[in-house]
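J.: Below are the sequence and a predicted model; questions follow.
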Amino acid sequence: MANYLMRRALLDAVRVPVCARASSSVGELAKVGNREWVGYGFNGQPNYMDRPDFPMPAVRFQPDTPDIKVLREKEKGDWRKLTVEEKKALYRATFCQTFAEFQAPTGEWKGILGWSLVGASLAVWIYMAMKIFVYSPLPESLSDENQKAQLKRMLDLQVNPVDGLASKWDYENNRWK
C-alpha cells in the first residue's frame with residue numbers, strides 16, 4: 001500500500017493535462033515528466049497503477065534511461081535477437097510488477113485477525129472486571145428456589161388458564177401436560 005501511495009504522489013507531482021497528449025504528433029508519444037505516455041490507462045490520466053482489470057497503464061513505470069532507449073530501438077527489430085535479460089529489463093522498464101506479483105496475497109489478514117482478537121479479549125476482560133467490581137449481586141428473587149416457588153404459586157392461582165402457563169399443567173396428576 002505504501003508503494004502504491006508513493007507512486008501515486010510521484011505521478012501527481014508530474015501530472016500534465018490530458019490535452020498535452022493531443023498536442024503531440026501522431027508518430028511521437030507524449031511525455032509525462034521523463035516517461036512516455038503510452039496508453040489510455042484506466043481513467044485517461046497519465047498515472048501508473050498495477051490493476052488486473054486494466055493491465056495496460058497510461059505511462060511507463062520507469063523513465064527512459066540511455067540503456068532503455070537502446071533496448072527500445074533493439075526491440076523494434078527481431079525479438080529472437082534479444083536475450084532473456086534484455087526482455088526482462090524492457091518489461092521492468094514498462095511495468096512495476098508481474099500479474100503474479102501484484103495479485104499475490106500479502107498476509108495483511110493476519111494482522112487484522114490478531115488485532116480483532118486482541119480487541120475481543122480486551123472487551124471480555126473489561127466485562128469481567130465490571131461484573132466483579134462494579135455490578136451489585138443479583139437480587140434474591142432470581143435464585144432457583146425463589147423462581148420455583150414463584151412458578152408453584154402461579155400454578156396454584158391458575159394464572160391465565162385458557163392459553164397461558166396454567167393451561168399446560170395437569171392439576172389432577174400434578175405434572176406438565
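T.: Okay, I see it. Residues are numbered from 1 along each chain as shown.
J.: Okay, strands next: where are they in this structure?
T.: With strands called from DSSP state E, the chain shows them at 31-32, 35-36, 169-170, 175-176.
J.: just so I know, which of the ones you listed lies nearest Lys131?
T.: Taking Cβ to Cβ, strand 175-176 is the member of those nearest to Lys131, at 34.1 Å. All C-beta atoms are positioned from the backbone trio N, CA, C, and that covers glycine.
J.: Would you mind pulling the contact partners of that closest one?
T.: 168-170 (Cβ atoms under 8 Å, 6 or more residues apart in numbering).
J.: strands paired with it, and their directions?
T.: In the sheet, strand 175-176 lines up against strand 169-170 (antiparallel) (DSSP bridges).
J.: What are the contacting residues of the strand it pairs with?
T.: Strand 169-170 is contacted by residues 155, 175-177 when judged by Cβ under 8 Å, 6+ apart.
J.: List just the nearest of those to Pro55.
T.: Pro55 lies nearest to Trp176 out of those, by Cβ to Cβ, at 70.3 Å.
J.: what number of residues lie near the closest one?
T.: 8 (other Cβ atoms under 10 Å).
J.: Hmm, Gly41 and Asp53 touching each other?
T.: No - contact between Asp53 and Gly41 fails when scored by Cβ atoms under 8 Å: they sit 11.6 Å apart.
J.: neighbour-wise, which of these two wins?
T.: Gly41 (18 against 5).
J.: Against Val134, how distant is that one?
T.: Per Cβ to Cβ, to the nearest Å, Gly41 is found 58 Å from Val134.
J.: Now stretch 162-176: buried residues?
T.: Buried residues in stretch 162-176, defined by neighbour count with 16 or more other Cβ atoms under 10 Å: 166, 169.
J.: can you list the contacts of strand 175-176 in a markdown table and add distance to Pro63 and pLDDT?
T.: Output for these, formatted as a markdown table (distance: Cβ to Cβ, whole Å; pLDDT from 0 to 100):
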| residue | distance to Pro63 | pLDDT |
| --- | --- | --- |
| Lys168 | 84 | 90 |
| Trp169 | 88 | 90 |
| Asp170 | 91 | 89 |
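J.: could you redo the residues you listed as TSV and give each row distance to Gly114?
T.: Shown next, in TSV, are these (distance: Cβ to Cβ, whole Å):
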residue	distance to Gly114
Lys168	50
Trp169	54
Asp170	57
